[in-house]
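[1] my questions concern the predicted model and sequence given below.
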Number of protein chains: 2
Amino acid sequence: MTKGSDSAATALAALADPTRRQLFERLRAGPRAVGELARGVTVSRPAVSQHLAVLKAAGLVRDTATGTRRVYEIDPKGLGAIRAWLDDMWGGALESFGDEFETEDPNKKDSE
Amino acid sequence: MTKGSDSAATALAALADPTRRQLFERLRAGPRAVGELARGVTVSRPAVSQHLAVLKAAGLVRDTATGTRRVYEIDPKGLGAIRAWLDDMWGGALESFGDEFETEDPNKKDSE
DNA sequence: ACTTACTGTAAGCCGTGACTGACGTTCTGG
DNA sequence: CCAGAACGTCAGTCACGGCTTACAGTAAGT
């Protein structure tokens, strides 16, 4: 089996959208309700709901219903899937550089 | 500016495509030419060229022209950008689980 | 019970991007 | 010098996905 590649693929595709990434990063500050999230974004509330549904399907967020409010929080599961995939990729990349190491070291800080 | 977030965003969007991810993972085994890569994929060679251009623009691969062949190899730069962004996200996610007082909902519900 | 607040869902529109086929260019070999 | 191979680019087509408006449902407050 391909390990968690499928989960990583879904999470990767989910985070590819700028709006979704913005919601996810905003959720990083703590759990928030849908309306709260929608107020900080340029798109409409239904759009936010759809994005949250995609993030949820990707295992990136979790929702908790409290009254009429629906609080969303970050789920480390999806993030872990990406991390695992990335780690695997990183190992393969370094292995690929075994013959010719004429690249910059990957330990450098990105001060772009 | 946005630090390496923009690079991470570009790399993330590039790896969101299944075909592109397939090419990238295949490149993990070592440098290969365009025709070589195109033979292992269902899409046409021009499509592969376009995908490689996107990956190159995202800093995920590097190309080296040798004769008529054009060998592509993994560039750790783009992968590093994603890794840095993911690390930042991971820290924020853990932090998100530690505090619950950031909720600014106007509806008091501390008797939960 | 009625009203209000909060959210998810449905249908539809429209822009973005992935794919193809054709063409032009460059480099190697005879 | 000419033929062939390898690759990038261009123009066009078409499906996918994000956004909006309208609607339906549930829970809390008066």
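    In hand now; what should we look at?
[2] what's the helix of greatest length in chain A packed up against?
    Longest helix of chain A, by residue count under DSSP state H: helix A:76-96. With contacts taken as 3 or more Cβ pairs under 8 Å, 6 or more residues apart in numbering or on different chains; DSSP states H and E, helix A:76-96 sits against helix A:5-14, helix B:18-27, strand B:69-74, helix B:76-98. Where you see a C-beta, it was placed from the backbone N, CA and C, and this is true even at glycine.
[3] between the ones you listed, which gets nearest to B:S49?
    Nearest to B:S49 among these is strand B:69-74; the distance by Cβ to Cβ comes to 8.8 Å.
[4] tell me the strands beside the closest one, with direction?
    Using DSSP bridges, the strands paired with strand B:69-74 are strand B:32-33 (antiparallel), strand B:61-66 (antiparallel).
[5] which of the ones you listed is buried the deepest?
    Stretch with highest mean neighbour count among the strands paired with strand B:69-74: strand B:32-33 (a mean of 18; mean count of other Cβ atoms under 10 Å in any protein chain shown).
[6] check whether it comes near DNA strand D.
    Yes - legend: contact between strand B:32-33 and DNA strand D by Cβ under 7 Å from any atom of the strand is shown at B:A33.
[7] circling back: could you dump the helices and strands packed on helix A:76-96 to TSV with mean pLDDT, distance to DNA strand C and mean neighbour count?
    Formatted as TSV, the helices and strands packed on helix A:76-96 follow (pLDDT from 0 to 100; distance: least, Cβ to the nearest atom of the strand, whole Å; neighbours: other Cβ atoms under 10 Å in any protein chain shown):
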stretch	mean pLDDT	distance to DNA strand C	mean neighbour count
helix A:5-14	93	10	20
helix B:18-27	97	4	19
strand B:69-74	97	9	18
helix B:76-98	80	15	19
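[8] would a markdown table of those with distance to A:V71 be doable?
    Listed next are the helices and strands packed on helix A:76-96 as a markdown table, based on distance: least, Cβ to Cβ, whole Å:
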| stretch | distance to A:V71 |
| --- | --- |
| helix A:5-14 | 19 |
| helix B:18-27 | 33 |
| strand B:69-74 | 40 |
| helix B:76-98 | 12 |
